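[1] Mind folding the following:
(one chain, ligands or ions: 2)
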Amino acid sequence: MSMSGFLQKCRASAYCGVLKIRKSYRPIHTYKMADKSTDYSTANGFESKTPFLIGVAGGTASGKSTVCQRIMEKLGQQHKEQTERRVVCISQDSFYRTLTPSERLRAERGQFNFDHPDAFDDKKLLAILKDILAGKKVEIPEYDYITNSISPNRSHTIYPADVVLIEGILVFYFPEVRELFHMKLFVDTDSDTRLARRVPRDIMERGRDLEQVLNQYMNFVKPAFEEFCLPTKKFADVIIPRGADNLVAIDLIVQHISDYLKRSPVDKTIALELGLSSQSSVPGSPQRAGKGGRPH
Ligand SMILES: Nc1ncnc2c1ncn2[C@@H]1O[C@H](COP(=O)(O)OP(=O)(O)O)[C@@H](O)[C@H]1O
Ligand SMILES: Nc1ccn([C@@H]2O[C@H](COP(=O)(O)O)[C@@H](O)[C@H]2O)c(=O)n1
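    Ligands and ions are numbered 1, 2, ... in the order given. As a prediction, the model looks like this:
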């Protein structure tokens, strides 16, 4: 009997609950969430056995990272080991390009435009997203806002997951990147609130002084937001007014992701086979039985 025939037979068998062999089976996902739900399987040209990719755009300090954190927390993912996470988050800031020596000097004085699309290595972002969609493990560089460059020898590994969130000011700007998302969220926080949050954040966390933060904001951040970021709001499927304060919107998104995770067909198969259907890793969902091909 062939291996697939054997597994098929086991699936129908009451003894499958003890078949440990399937613990190392990499989950396969489709986006057909239910008969009446949206069929995401052909949304981005990738075949259906890929992670569900969510883009999260919005102006600086609108709360993109905080919204992603809340989503992760509510899905019980935040404190899991990286290798165990079903939902992971990546920042577009990891894809700022390397500056030339003269650009580096300007950046040190707050005179480089980090809000212009040219500041990003969009080809690298695209390539990484394609690898993620192909189910590959990827290395994400760590960005250092103090040196305005990628931290040498520092990166983090993103293991294959069911849902991947990508947040950044211009994630909907580049058409080829934009087309990869299965769902697009735009965090819409008013500009006064964003500036009031950005000033203390940049001073405390990004090593800037007040004058530099305000000059950069007036010369680059604000005009670039209006020219490049705000026009991408029209591409969003869901707009989240007030960012992380909007608990209703966050709960709706979490519910949608949770439904997707619950309906992940192979998870169901694995859970049924291993008799795990009553245990949940995500509220109300079958627990992932194996580690999805991730290293132990
Ligand atoms: N709803 C909120 N209420 C108060 N402070 C917030 C809220 N959302 C975000 N912040 C703070 O504002 C700053 C920017 O938020 P962050 O989520 O990093 O924004 P973004 O990722 O869009 O740049 C951070 O210091 C964060 O702690
Ligand atoms: N070296 C850098 C790189 C980026 N910025 C600013 O960060 C903003 C994007 O990050 P958010 O978390 O605010 O979305 C963007 O507005 C850049 O101006 C920087 O100041 N220095």
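[2] Stretch 139-153 near ligand 2 anywhere?
    Yes. Remark: stretch 139-153 sits within contact range of ligand 2 at Y145, N148, by Cβ under 6 Å from any ligand atom. Quick note: C-beta positions are derived from backbone N, CA and C, even for glycine.
[3] Also stretch 125-138?
    No. Counting by Cβ under 6 Å from any ligand atom, no contacts exist between stretch 125-138 and ligand 2, the nearest distance being 13.9 Å.
[4] Next, the buried residues of that stretch.
    Buried residues in stretch 125-138, counted by 16 or more other Cβ atoms under 10 Å: L125, L126, I128, L129, K130, I132, L133, G135, V138.
[5] Adding distance to V164, secondary structure and pLDDT, write those out as CSV.
    As requested, the buried residues of stretch 125-138 are arranged in CSV below (distance: Cβ to Cβ, whole Å; DSSP: H, G, I helix; E, B strand; the rest coil; pLDDT from 0 to 100):
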residue, distance to V164, secondary structure, pLDDT
L125, 13, helix, 98
L126, 14, helix, 98
I128, 10, helix, 98
L129, 8, helix, 98
K130, 12, helix, 97
I132, 6, helix, 96
L133, 9, helix, 96
G135, 11, coil, 93
V138, 10, strand, 96
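[6] biggest separation within the residues you listed, which pair?
    Spanning the widest gap among those are L125 and G135, at 17.9 Å by Cβ to Cβ.
[7] so the residue most central in space within the chain bridges to which residues?
    Centroid-nearest residue in the chain, with Cα atoms, centre = their mean: L165, separated by 1.4 Å. When assigned by DSSP bridges, L165 has beta-bridge partners I54, C89.
[8] check contacts around it.
    With contacts defined as Cβ atoms under 8 Å, 6 or more residues apart in numbering, the neighbours of L165 are I54, V56, C68, I71, M72, V87, V88, C89, I90.
[9] contacting residues for the fourth one?
    Contacts for I71 (Cβ under 8 Å, 6+ apart) come out as V87, L165, I250, I253, V254, I257.
[10] Tell me the one of these nearest ligand 2?
    Nearest to ligand 2, judged by Cβ to the nearest ligand atom, of the contacts of I71 is L165 at 13.6 Å.
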